[in-house]
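Peer 1: pasting a predicted model and its sequence here:
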Amino acid sequence: GRKPANPAFWWVNEEGEEVKWSFEELGFLSRKAANVLSEACGLQRGDRVIAVLPRVPEWWLLNVACMRTGIVLIPGTSQLTAKDILYRLQASKAKCIITSDTLAPAVESVVPDSQFLKSKLIVGKGSRAGWLNLKELL
């Protein structure tokens, strides 16, 4: 018999929910996420993306997707304030920001002052006006 493959990714949250991806699944999902960044968000090699996310599975998926496409990922902690986010957007000239539905209001408060931002991607269950939803696009 064949031994089952070890997972490439195994995530467990505080409630005990698990996400396990094989190498094949991680490859497939990261290609789809790369397409979301390239096509839906309109990003190209060398463009910068700020990800202000808690450590959810999508965080790692987007890291691999950025590596695939040559997009520069700028990680940010979910403890950033609106002022911190604005500074990072302006200093990096990021064209896209990726965040969770709980942090989206802080981002929205500084969007008018960030002239380089072209797209906003939300990681969450709900939808929000003016935002692309990663789960729906995948």
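Peer 2: Arrived safely.
Peer 1: where does this structure dip in pLDDT?
Peer 2: Filtered on pLDDT under 70, the chain yields the residue ranges 1.
Peer 1: the strands in it, which residues?
Peer 2: Along the chain, counting by DSSP state E, strands occupy 9-12, 18-21, 48-52, 72-76, 96-100, 119-123, 132-133.
Peer 1: which of those strands has the highest mean neighbour count?
Peer 2: Sort these by mean neighbour count, taking mean count of other C-beta atoms under 10 Å, and strand 96-100 sits at the top with a mean of 25. C-betas here are computed from N, CA, C, even on glycine.
Peer 1: contacts made by that strand with the rest, please.
Peer 2: Contact partners of strand 96-100, identified using C-beta atoms under 8 Å, 6 or more residues apart in numbering, comprise 37, 41, 43, 47-54, 56, 62, 78, 85, 89, 107, 117-124, 134.
Peer 1: pairing partners for it, with directions?
Peer 2: In its sheet, strand 96-100 lies beside strand 48-52 (parallel), strand 119-123 (parallel), with partners assigned from DSSP bridges.
Peer 1: out of those strands, which gets nearest to K3?
Peer 2: Distances from K3 to each of the strands paired with strand 96-100 were compared using C-beta to C-beta; the shortest belongs to strand 119-123, at 33.8 Å.
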